[in-house]
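Sequence first, then the predicted structure, then my questions.
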Amino acid sequence: MEENQEQQQEQQQELQNETVSKEQYDSVIAELEEVKAKLPKELTEEEKAIQQKQQELFDKEIHLTLKENGLEQFKDIIKVSNSDELKDTIKKLNKIVNNIKIEVGYVPEDHKQVTAYEQAKQKGDTKGMIKSLFGFN
């Protein structure tokens, strides 16, 4: 019997050691709820489908905007996350493309404006050549 009583006392002591106060329990529960709130929530299939549709619409908007501005060659390069970024990127690309067009554009080298002196010289008109030199034309 004595052994039995000792075992009961040991069990009670263990229970007392495992017991926590109400305040400690409440603080642990509050902390657990706070951590659960920070965890990312699992999306339902419906929410996943909606997000996919929204992404598809935004991709179409990007494609159409690039097409409107004649920049559809850049569709694989453009990676934007919202409309404001898209507008800024379009402006920058347009500026770059226009600068390239200007640099690559046709610039005639031998095309000079014919002066009155040269016209008179071609005709063999010496009086016209002298007049053009002194600005009497």
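Alright, I've got the coordinates. Keep in mind the model is a prediction, meaning the values are calculated, not measured.

and Ile78, how far is that from Ile96?
To Ile96, Ile78 is 13 Å away according to CB to CB, to the nearest Å. In short, each C-beta sits where N, CA and C put it, glycine included.

Which of those two has more residues huddled nearby?
Remark: of Ile78 and Ile96, Ile78 carries more neighbours, 17 against 12, as counted by other CB atoms under 10 Å.

Run through the residues that contact the more buried one.
Ile62, Leu66, Leu86, Thr89 (CB atoms under 8 Å, 6 or more residues apart in numbering).

Spatially central, which residue of the protein would that be?
Val80 (3.0 Å; CA atoms, centre = their mean).

helices and strands of the chain: which one has the lowest mean pLDDT?
helix 2-18 (a mean of 68; mean pLDDT, DSSP states H and E).

Which other helices and strands does the helix or strand just after that helix contact?
Heading C-terminal from helix 2-18, the first helix or strand you meet, by DSSP states H and E, is helix 22-38. With contacts defined as 3 or more CB pairs under 8 Å, 6 or more residues apart in numbering; DSSP states H and E, helix 22-38 has no helix or strand neighbours.

Distance from the next helix or strand after helix 22-38 to the middle of the chain?
Going down the chain from helix 22-38, the next helix or strand is helix 45-68, by DSSP H and E. Centroid displacement of helix 45-68 relative to its chain, using CA atoms, centre = their mean, to the nearest Å, is 15 Å.
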